[in-house]
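Colleague: Could you work out the structure for the sequence below:
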Amino acid sequence: MFVSQSNNQATGDVVAGSKTELNFITSGGSTDELTLLYAKLKTDGVGDPSGNAFCEKLLHYMAARTEGDVRGLEEKLKASDRLDQLQFAKELKEFAAKSIMRRQGSQTAQRIFSIVLDELHTKFTLVVSSAIQTGASRREVDLCISQTLQSTKSMLGENVLELTLKDLLGLLYFLGGNCHIRWDKC
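Modeller: Next up, the predicted model:
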């Protein structure tokens, strides 16, 4: 289809067809804090010890919510027509939980995981959930998820915990399995 436009005067965009813009909110303070946390962690692999107790913020994400949408990961994927991802999602969710548990002795690593989970949860809520609520296609939602993962990975900077995009996706499934996010409309 060809659209002709002439004699337009605009102070913004002129679009003949659809235009999608995705803007992400990044927390600049997190990158500064991450740099400090990485420096602590690089000295001995632990940084500040935790006494094998989890910090409050990380516990919040580790515990399944008891109010609101308390469906499990499988039910959420089924409701959003994503059962094709179920086995992969379960494996990544388990790997994410084990990654967090392996760093149980480090308050520093726990703080890094808390920052990453906060970032993923916030961006998912503001960008991905918004797309879902407005009826975006699965492809459009997946694009929002991908951009959320990419911008979170970029925020990590030096990335001493060596978190990959797949690890970040696992943390999203971890959030979904613990009732913090969903892939279907409310």
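Colleague: ok, now how distant is the nearest residue to residue 106 once chain neighbours are set aside from residue 37?
Modeller: Nearest residue to residue 106, sequence neighbours excluded (CB to CB, 6 or more residues apart in numbering): residue 46, at 4.6 Å. Where C-beta positions appear, they are placed from N, C-alpha and C, glycine not excepted. Distance check for residue 46 against residue 37: by CB to CB, to the nearest Å, it reads 12 Å.
Colleague: residues touching the residue nearest to residue 106, list them.
Modeller: Residue 46 is in contact with 105-106, 108-109, counting by CB atoms under 8 Å, 6 or more residues apart in numbering.
Colleague: picking that back up, now for residue 46 and residue 37: what residues contact both?
Modeller: residue 108.
Colleague: circling back to that earlier point, just the closest of the contacts of residue 46 to residue 124, please.
Modeller: Residue 124 has its nearest neighbour among the contacts of residue 46 in residue 109, at 22.1 Å by CB to CB.
Colleague: Distance-wise, check the closest one relative to residue 185.
Modeller: 35 Å.
Colleague: try residue 73
Modeller: For residue 73 relative to residue 185 (CB to CB), the value is 17 Å.
Colleague: Okay, and the residue positioned nearest the centre of the chain sits in which element?
Modeller: For the chain, the residue lying nearest the average C-alpha position, counting by CA atoms, centre = their mean, turns out to be residue 120 (2.5 Å). Following DSSP states H and E, the helix or strand that holds residue 120 is helix 107-123.
Colleague: Alpha carbons of that helix, as CSV, please.
Modeller: The C-alpha trace of helix 107-123 is given here as CSV (Å, rounded to 0.1, in the frame of the first residue of the first chain):
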residue,chain,number,x,y,z
GLN,A,107,25.0,-9.8,51.1
THR,A,108,26.7,-8.0,48.2
ALA,A,109,25.5,-10.6,45.6
GLN,A,110,22.0,-10.6,47.2
ARG,A,111,21.9,-6.8,46.7
ILE,A,112,22.9,-7.2,43.0
PHE,A,113,20.1,-9.8,42.5
SER,A,114,17.6,-7.4,44.3
ILE,A,115,18.5,-4.6,42.0
VAL,A,116,18.2,-6.8,38.9
LEU,A,117,14.8,-8.2,40.1
ASP,A,118,13.6,-4.7,40.9
GLU,A,119,14.6,-3.5,37.5
LEU,A,120,12.9,-6.5,35.7
HIS,A,121,9.8,-6.3,37.8
THR,A,122,9.4,-2.5,37.3
LYS,A,123,10.1,-2.6,33.6
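Colleague: Alright, I will stop here.
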